[in-house]
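> here is my input, please return the structure:
(one chain, ligands or ions: 1)
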Amino acid sequence: MKDVSIFTGNANIALADGICKHLNIDLADVLVTRFSEGEIRVKIEDNVRGKDVFIIQPTCPPSNDNLMELLILIDAARRASAKRITAVLPYYGYARQDRKDQPRVPITAKLVANLILASGAQRVLTMDLHASQIQGFFDIPVDHLYCINVLCDYFIQNEIKDVVVVSPDVGGTKMARAYAKKLGAGLAIVDKRRITPEKIEVMHILGDVRGKNAVIVDDIIATGGSMVEAVGALKKQGVKDVYASVSHGILSGNAISRIRHCEALKQLVITDSIPLDESKRLDNITVVSVASLLAEAIRRIHNEESISCLFDETR
Ligand code: R5P
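Residues are numbered from 1 along each chain as shown. Now for the predicted structure:
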């Protein structure tokens, strides 16, 4: 690809490397370090004047550092006369507060969009947003990819039969239905109540799950509380094996200990949109890569080709 430059901060260097390998280009030489007191210091070492710049930086934990690195990298590319700057956020953090559903709460997902715009991004490429409407928080083009094909391949290749796809909440039904269609499976929905941001309680399971292999589909797993509750409730309903397919493995707080002790969870399949530290690797966690999907999207955006063929499955 001609006149393209791909940078990354420190958020997910392995994924950025993987994307560059698929594109057969080198990652641009960019210094992203810290001043002595902790402030972020950036210097783009390559010439990017007139280049189509893609900055790969999921805003996963440490979210504030990763977001700030992204904003500063965009600013540096803008001041270095890049022709076009695309912020590539395989995981868009700060997405959970996306509307004013209680008095005196912020809409942080919109604030983050404003910051990305103000820093100088001209396009956004992202994946499995917590809420699709976040696309509308930007007044620049947003390409929103889905991990469904990459994640479903695991279940197809491992020939998991007799599947029921389970949405862990009503909001996830549309995505779960797309999985069910792709896997030729039935659909069930968990009716849950959130007691605190970290604690949920399962009320009912809607749908026929008895004797089936359940695949719980979610966009994020943070503390693992929702997942472990759903696994327990499904087991009580006579499900055979329980799998989980999650786009973004945040795995914060007690998540790893919860998953380690959740014997009923046969396998949690996540993508590499967020790096998984060596200390968090368990036998029942499988990581599948979205590098080729993102690489193909970048190639098509650069060549001004349509990318809709990359997400047809979810319509
Ligand atoms: C809820 O809306 C999300 O889709 C996830 O189910 C939830 O945020 C996961 O959080 P945790 O793992 O902390 O229960």
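
> state which strand of the protein is the longest.
In the chain, assigned by DSSP state E, the strand with the most residues is strand 186-196.

> against G249, how distant is I221?
With distances taken as C-beta to C-beta, to the nearest Å, I221 is found 6 Å from G249. For every residue, glycine as well, the C-beta is placed using N, CA and C.

> shared neighbours, these two?
268, 270 (C-beta atoms under 8 Å, 6 or more residues apart in numbering).

> check the offset of stretch 258-271 from the chain's centre.
Chain-centre distance of stretch 258-271: 18 Å, with C-alpha atoms, centre = their mean, to the nearest Å.

> for the ligand, what are the nearby residues on this protein?
For the chain, the contact set with the ligand under C-beta under 6 Å from any ligand atom comprises 168-169, 218-227.

> what's the closest non-adjacent residue to I6?
Using C-beta to C-beta, 6 or more residues apart in numbering and skipping the chain neighbours, the partner closest in space to I6 is F54 (4.9 Å).

> name the element K266 belongs to?
Applying DSSP states H and E as the criterion places K266 in strand 265-271.

> counting contacts, what elements does the helix or strand that that strand is followed by pack onto?
Later in the chain than strand 265-271, the nearest helix or strand by DSSP H and E is strand 285-288. Strand 285-288 is packed against helix 148-157, strand 265-271, with contacts defined by 3 or more C-beta pairs under 8 Å, 6 or more residues apart in numbering; DSSP states H and E.

> ends of stretch 10-30, how far apart?
11 Å (C-alpha to C-alpha, to the nearest Å).

> identify the residues contacting that stretch?
Here stretch 10-30 has contacts from 1, 4-8, 32, 42-46, 48, 56-60, 65-66, 69-70, 73, 76, 90, 272-275, 289-292, 294-296, 298-299, using C-beta under 8 Å, 6+ apart.

> out of the residues you listed, which end up buried?
4-8, 32, 42, 44, 48, 56-60, 65-66, 69-70, 73, 76, 90, 272-275, 289-291, 294-296, 298-299 (16 or more other C-beta atoms under 10 Å).

> for A230, give me its contacts.
A230 neighbours (C-beta under 8 Å, 6+ apart): 166, 168, 190, 192, 202, 216.

> quick one, grab the pLDDT at the second one.
The reference is to P168. At P168, the pLDDT value in this model is 91.

> what about it, distance to D277?
From P168 to D277 the distance is 24 Å (C-beta to C-beta).

> between those two, tell me which one has more neighbours.
P168 (26 against 9; other C-beta atoms under 10 Å).

> in this structure the more buried one contacts S226, no?
Yes - assessed by C-beta atoms under 8 Å, P168 is found in contact with S226 at 5.5 Å.

> got any residues that touch both of the two?
192, 218.

> who touches stretch 169-178?
Here stretch 169-178 has contacts from 131, 146, 148, 165-167, 187, 189-192, 217-219, 226, 313-314, using C-beta under 8 Å, 6+ apart.
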